[in-house]
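**Q** Show me the folded form of this:
(one chain, ligands or ions: 1)
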Amino acid sequence: MQPANAAGSYDMTSQLPGATGTPLWLLAELTYRCPLHCVFCYNPLDFARHEKELTTAQWFDVMRQARALGAAQLGFSGGEPLVREDLEELIGEAHRLGYYTNLITSGIGLTEARIARMKDLGLDHIQLSFQDSTREMNDFLSSTRTFELKQRVAKLIRQYDYPMVLNVVLHRHNLDHVGRIIEMAVEMDVDYLELANTQYYGWALVNRAQLMPTREQLQRAEETVNAYRKKLGNRLRILFVVPDYFEDRPKACMNGWGSVFLAVAADGTALPCHAARSLPGMDFPNVTTQSIAGIWRHSDAFQRYRGSDWMKEPCKSCPDKKKDFGGCRCQAYALTGDAANADPVCGKSGHHNQIGKIVFDAHATQTRQKDMNVQPLVFRSKANSLGFA
Ligand code: FES
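**A** This is a model prediction of the structure:
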C-alpha cells in the first residue's frame, strides 16, 4: 500500500520537535505480501525478489534497538501488515517499549477478535485506506472485491473507540469524486481525512501516464475540498496533499535523508525512505547483520545524502537548502538519472522543464486517450513483479 504521501505526510516534526539526528519515526514494513493489487503501491517493483521476512524475535530486537536510539513513533506497514499472524505480539511489545503505535492498513484481515486484542495490547492508532467512494472504482483500482469489507472495518475501528483516520490516494480516476469521498467520510464519522494525491514512486511511477491528473482536475478538487472545509468546520479535518509535479518548490522529503526516518523492510533491509531501493549503487545495510545504531550513524547508505555536503548546484548555494534539502533523492534519480541532482520539481533545477512536459503529456493522454498508444495500468502482483526482477 501507499502511505498517504510517500514522502511527507507523517507529520513527524510537529509532534516530535527538535530532535534531528535521531530516528524518531520507525516504519516497520512487516511484509510485502498483500491481498490487494493497487496500481499506485509504493512497494518496490521487484518486491517478489524480497520474500524473506524477519522473525518475531528479530522484529522485537529491531524495535528495542531503535527505541534505545530514541525512536518514538512506530508504524506497522507493508504490504498488508495484517497478513502477519504475529502482528498482535509485535504491537504488544512495541507498546511495552513505550512507542506510539500506528497500524497502516487496507483493513483486509481485521476481524473483531483481532481489533479487540490489539486494543488490549495498546495499539494507539489505525489508518485505514480506501481507493474511492464507489465500489466500482475501489474494487477496480485494487483489483479485489473489498469495498463492503472496508466499510465493515471502518465501523469496527469506530466501535473500538479509535479516532477514525481515513486515507484515500487521489489521481486522475478518482479526483473528480472528491466531494463524494468527503461525503462518505462524513457518513463514516471520520475524524481525519487524508486526501493524498499520488506520489510517483514504485508502481505509481510505472502507471504515471494513466494516473496523472490534469491541472484543471486538481483545481476543481481543491475548490471542492475548500468548500467542504468551510461547510464542515471542525467536524472533519481534511488534509489535501497536492502532487509535487504541480509545484515549483520541492518537498522536504523525509525531512532530510537520514534525519528522522528509518524504514526497515520485510527482509531486514534498513532504508532512509520507502523508495530508496530504487536507487542504484547503494549497498543498504541489513538489521540481521548490523546494529541499528551502526546503521543509523555510520553506514554509507544513511550518510550518502545526509546534511548538505553532498549537494551540487543549484542546491549547494540555495538559501532554502536546509528547508527543503534539495527535495527528494528518489525523484531526482527517477527523473534525471542522478540522485544527487536537485529534485526537478524545483524551478531552479535545470531539469524542471521535464516536469512540465510530463504534466502536459498526461493532459494529452487524458483528452485524446482513445487515439494514443498509452500503456494500460499495471497492477501490483507477484507475476508483474517478477517481470521487473
Ligand atoms: Fe524521497 Fe526517497 S522518496 S528520498
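**Q** Let me see the contact set for the nearest residue to Ser142 once chain neighbours are set aside.
**A** Once flanking residues are discounted, Ser142 sits nearest to Leu36: 4.2 Å by CB to CB, 6 or more residues apart in numbering. C-beta coordinates here come from the backbone N, C-alpha and C atoms, glycine included. Leu36 makes contact with 1, 80, 106, 108, 142-144, 146, 380, according to CB atoms under 8 Å, 6 or more residues apart in numbering.
**Q** repeat that with 10 Å
**A** Shown in contact with Leu36 (CB atoms under 10 Å, 6 or more residues apart in numbering): 1, 79-80, 106, 108, 129, 131, 139, 141-144, 146, 379-381.
**Q** swap in Pro285?
**A** Each residue near Pro285 by CB under 10 Å, 6+ apart is listed here: 268-271, 291-292, 294-296, 298-302.
**Q** Helices along the stretch 251-389 of the chain, start to end?
**A** Using DSSP state H, counting those that start in this stretch, the helices of the stretch 251-389 of the chain run over 292-298, 300-303, 321-324, 329-336, 352-367, 382-388.
**Q** Nearest to the ligand, out of those?
**A** Minimum separation from the ligand across the helices of the stretch 251-389 of the chain (CB to the nearest ligand atom) falls at helix 329-336, 3.3 Å.
**Q** So which elements touch the one helix or strand Asp139 maps to?
**A** According to DSSP states H and E, Asp139 maps onto helix 135-142. Packing partners of helix 135-142 (3 or more CB pairs under 10 Å, 6 or more residues apart in numbering; DSSP states H and E): strand 125-130, helix 147-159.
**Q** closest to the ligand out of the ones you listed?
**A** Here strand 125-130 is closest among the helices and strands packed on helix 135-142 (CB to the nearest ligand atom), at 18.6 Å.
**Q** average pLDDT for the closest one?
**A** Mean pLDDT, strand 125-130: 94.
**Q** Paired strands for it, with orientation please.
**A** Strand 125-130 has the following sheet partners, assigned by DSSP bridges: strand 100-105 (parallel), strand 165-170 (parallel).
**Q** need the ones you listed in TSV with distance to Asp309, mean neighbour count and mean pLDDT, can you?
**A** Formatted as TSV, these follow (distance: least, CB to CB, whole Å; neighbours: other CB atoms under 10 Å; pLDDT from 0 to 100):
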stretch	distance to Asp309	mean neighbour count	mean pLDDT
strand 100-105	33	22	96
strand 165-170	35	24	94
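**Q** follow-up on the earlier one: give me whichever of the helices of the stretch 251-389 of the chain is most buried.
**A** Each of these was scored by mean neighbour count; the highest is helix 329-336, a mean of 24, by mean count of other CB atoms under 10 Å.
**Q** Next, the angle from the helix of greatest length in the chain to helix 352-367.
**A** As assigned by DSSP state H, the longest helix anywhere in the chain is helix 215-232. For helix 215-232 against helix 352-367, the angle by axes from the mean of the first three to the mean of the last three CA atoms, to 10 degrees is 80 degrees.
**Q** how much distance is there from helix 215-232 to the middle of the chain?
**A** Centroid separation for helix 215-232 versus its chain: 23 Å, with CA atoms, centre = their mean, to the nearest Å.
**Q** Quick one: list the elements packing against it.
**A** So helix 215-232, by 3+ CB pairs under 10 Å, 6+ apart, packs with strand 165-170, helix 178-187, strand 192-197, strand 237-241, helix 352-367.
**Q** Would you reformat these as JSON lines and include distance to the ligand?
**A** Conversion of the helices and strands packed on helix 215-232 to JSON lines gives the following (distance: least, CB to the nearest ligand atom, whole Å):
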{"stretch": "strand 165-170", "distance to the ligand": "15"}
{"stretch": "helix 178-187", "distance to the ligand": "25"}
{"stretch": "strand 192-197", "distance to the ligand": "14"}
{"stretch": "strand 237-241", "distance to the ligand": "14"}
{"stretch": "helix 352-367", "distance to the ligand": "15"}
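**Q** Distance to Gly75 added to these, as TSV?
**A** As requested, the helices and strands packed on helix 215-232 are arranged in TSV below (distance: least, CB to CB, whole Å):
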stretch	distance to Gly75
strand 165-170	12
helix 178-187	21
strand 192-197	14
strand 237-241	17
helix 352-367	29
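**Q** Would you mind saying which of the ones you listed lies nearest Arg229?
**A** For these, proximity to Arg229 was assessed by CB to CB; strand 237-241 is nearest, at 5.8 Å.
**Q** so what strands line up beside that closest one?
**A** With DSSP bridges as the test, strand 237-241 is paired with strand 192-197 (parallel).
**Q** Can you name the next helix or strand after the partner strand?
**A** helix 202-206.
**Q** who does that next one touch, helix- and strand-wise?
**A** helix 208-211, helix 329-336, helix 382-388.
**Q** which of the residues in it are buried?
**A** If you call a residue buried by 16 or more other CB atoms under 10 Å, then helix 202-206 has these buried ones: 202-206.
**Q** nearest to Val178, of these?
**A** Nearest member of these to Val178, counting by CB to CB, is Ala204, at 18.3 Å.
**Q** quick revisit: so can I have JSON lines of the strands paired with strand 125-130 showing distance to Asp343?
**A** Shown next, in JSON lines, are the strands paired with strand 125-130 (distance: least, CB to CB, whole Å):
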{"stretch": "strand 100-105", "distance to Asp343": "25"}
{"stretch": "strand 165-170", "distance to Asp343": "21"}
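**Q** what does the stretch 201-350 of the chain have sitting close to the ligand?
**A** 201, 253-254, 273, 275-276, 328-330 (CB under 6 Å from any ligand atom).
**Q** Sounds good, over and out.
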